[in-house]
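Engineer: Need coordinates for the following:
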Amino acid sequence: MVQHFVSKFRAKFGETPDALAVLGYDAGRLLFHAIAQAGSVEGSKLRDAIASTKDFRGVAGLVTIDRERNATKTAVIIAIANGKPSLKETIFPPNS
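Structural biologist: Modelled structure (predicted):
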């Protein structure tokens, strides 16, 4: 999913997407997913659909909306040694 997004982004914009591009893309997709789940763009229905989001698969990973309506997701720490990235650590949200 990440490779597909990066290749499409590069083709369209001529550069590699940064973290904000990825998060913005995921936010838009999550919104469209919630609209489909709600079957409406009515405020209360859309609010409830967003609030019930669990394990939404985005480019940046799985997203769950917590009870305070914050997005929670796994974070990764990447180390770069000799110009090569490698996974250093994965940090999981509480109660995951």
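Engineer: Going by C-alpha atoms from here, please, whenever you check contacts or count neighbours.
Structural biologist: Fine.
Engineer: From residue 11, how far out is residue 22?
Structural biologist: 15 Å (C-alpha to C-alpha, to the nearest Å).
Engineer: Quick check on those two: which one has the bigger neighbour count.
Structural biologist: residue 22 (17 against 11; other C-alpha atoms under 10 Å).
Engineer: would you say the more buried one is within a helix?
Structural biologist: Yes - looking at residue 22 with DSSP: H, G, I helix; E, B strand; the rest coil, it is inside a helix.
Engineer: I'd say it and residue 59 touch.
Structural biologist: Yes - contact criterion C-alpha atoms under 8 Å: residue 22 and residue 59 qualify, at 6.6 Å.
Engineer: how about the helices in this structure?
Structural biologist: 2-13, 19-38, 43-51 (DSSP state H).
Engineer: so which of those helices gets nearest residue 70?
Structural biologist: helix 43-51 (8.8 Å; C-alpha to C-alpha).
Engineer: What are the buried residues along the closest one?
Structural biologist: By 16 or more other C-alpha atoms under 10 Å, the buried positions in helix 43-51 come out as 45, 46, 49, 50, 51.
Engineer: How many neighbouring residues does residue 61 have?
Structural biologist: There are 16 residues near residue 61, going by other C-alpha under 10 Å.
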